[in-house]
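1. Provide a 3D model corresponding to the input given below.
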Amino acid sequence: MKQPGQRVRILSEALPYIQRFRDSIIVIKYGGSAMTDDKLRHGFARDVTLLKAVGMNPVIVHGGGPRISQNLERAGVETRFVDGMRVTDAAAMRVVAETLAEVNRGIVESIVSHGGDAKGFSGSDGDDVIVARKLAHAGGEDLGQVGEVAAVSYRLANFAHRQSAVPVVAPVGAGKDGLAYNINADLAATGIATYLKAEKFILLTNTVGLLDTDGTLVSETTWSQVAKLVKQGVIHGGMLPKVTCAFDSVKNGVRSAHIIDGRVEHALLLELLTDEGVGTMIR
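-> Prediction:
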């Protein structure tokens with residue numbers, strides 16, 4: 001149990017960060033264990049509620065891959081991936097959209113249950129905020145209704161800055177061709193963070209962050225240093241796309257990107273409101 005003096009020091013340490021980031025947009029890519037573990041899920045909802053209460057403007061962008069796969073199997077719709085992208089025909093798109101809308105409602109309800117306020121944008125019933133275009137696969141394969149972010153509506157920026165509710169966004173975009181598009185959640189979050197010129201873009205992952213050649217956590221770095229780790233093969237596999245998203249956001253106007261361990265309780269608060277943080281910050 002923490003002594004009273006320790007509790008006061010923790011609160012005092014948070015104060016300058018609360019002051020610095022007041023009224024700032026914080027885009028959070030929500031996924032991994034933080035989204036599926038009940039204890040972590042409730043902790044995340046409380047943390048987001050607290051950030052909004054102290055004057056920050058969190059925007060949540062979520063995925064739903066495992067549940068989508070389960071629902072596609074139940075519906076008898078084949079799941080196939082090409083370079084990590086789920087091939088999405090019309091039948092699959094219906095299941096994807098319905099599943100993401102369910103996930104979206106669950107996140108909103110969780111925040112509300114912890115005393116906060118949230119508004120879901122799932123791309124259903126005209127509530128879409130992502131303008132999408134069809135993703136062209138480098139190998140020329142047709143991925144169906146798989147898209148990328150072409151633009152983000154002014155409505156989301158206005159809502160994030162002016163409303164008391166936290167926007168919760170599913171990665172479904174509306175194309176000018178009238179079709180709905182399934183967008184990779186990391187890419188959707190990157191596009192939204194860039195468009196909103198967020199102060200911070202935070203990716204909740206199932207890793208501790210970036211590690212150096214000795215396996216030590218890199219708490220703060222620049223893209224040039226990250227590029228060296230990529231060239232040396234230290235950063236590889238599933239971490240590469242997340243690093244690329246972090247870099248793209250910083251290159252295009254986001255002040256800093258953070259890759260943090262969503263398996264740690266209250267990782268969001270630890271990264272934003274303490275001196276040490278709990279992951280890797282890329283400037």
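2. and the strands in this structure, which stretches?
-> Ranges of strands within the chain are 25-30, 57-62, 81-82, 85-86, 118-121, 130-134, 146-152, 166-169, 172-175, 180-183, 200-205, 220-221, 256-261, 279-282, based on DSSP state E.
3. list the buried ones in the second one?
-> Along strand 57-62, the positions that meet the burial threshold by neighbour count (16 or more other CB atoms under 10 Å) are 57-62. C-beta here means a position set from N, CA and C on the backbone, and glycine is covered the same way.
4. looking at the strands of the chain, which is nearest to residue 191?
-> Residue 191 lies closest to strand 146-152 among the strands of the chain, at 3.0 Å (CB to CB).
5. elements contacting the closest one?
-> Under the contact criterion of 3 or more CB pairs under 8 Å, 6 or more residues apart in numbering; DSSP states H and E, strand 146-152 touches strand 130-134, strand 172-175, strand 180-183, helix 185-195.
6. if we go to 10 Å?
-> Counting contacts by 3 or more CB pairs under 10 Å, 6 or more residues apart in numbering; DSSP states H and E, strand 146-152 packs against helix 90-113, strand 130-134, strand 172-175, strand 180-183, helix 185-195.
7. adjacent strands (with direction) for it?
-> Next to strand 146-152 in the sheet, as set by DSSP bridges, lie strand 130-134 (antiparallel), strand 180-183 (parallel).
8. let me know the average pLDDT across stretch 67-81.
-> For stretch 67-81, mean pLDDT rounds to 92.
9. can you give me the end-to-end distance of it?
-> Distance between the two ends of stretch 67-81: 15 Å, counting by CA to CA, to the nearest Å.
10. just stretch 64-82 next, same as before
-> First residue to last in stretch 64-82 (CA to CA) measures 18 Å.
11. just checking the distance from that stretch to the centre of its chain.
-> 21 Å (CA atoms, centre = their mean, to the nearest Å).
12. repeat that for stretch 19-39.
-> With CA atoms, centre = their mean as the basis, stretch 19-39 stands 7 Å off its chain's centre.
13. do stretch 274-283 as well
-> Per CA atoms, centre = their mean, the centroid offset for stretch 274-283 relative to its chain is 17 Å.
14. can I get it as CSV, trimmed to CA atoms?
-> The C-alpha trace of stretch 274-283 is given here as CSV (Å, rounded to 0.1, in the frame of the first residue of the first chain):
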residue,chain,number,x,y,z
THR,A,274,4.5,10.3,-15.5
ASP,A,275,8.2,11.2,-16.1
GLU,A,276,9.3,7.6,-17.0
GLY,A,277,6.4,6.5,-19.2
VAL,A,278,5.8,2.9,-20.1
GLY,A,279,6.8,2.5,-23.7
THR,A,280,8.7,4.1,-26.6
MET,A,281,8.1,7.7,-27.7
ILE,A,282,9.1,8.6,-31.3
ARG,A,283,9.6,12.3,-32.0
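15. report the buried residues of that stretch.
-> Within stretch 274-283, judged by 16+ other CB under 10 Å, the buried ones are 277-282.
16. okay, and for this structure, where does confidence drop off?
-> 1-7, 125 (pLDDT under 70).
17. residue contacts, the nearest residue in space to residue 60 that is not next to it in sequence?
-> Spatial nearest neighbour of residue 60, chain neighbours left out: residue 168 (4.7 Å); criterion: CB to CB, 6 or more residues apart in numbering. Residue 168 sits next to 28, 30, 48, 58-62, 103-108, 110-111, 118-122 when contact means CB atoms under 10 Å, 6 or more residues apart in numbering.
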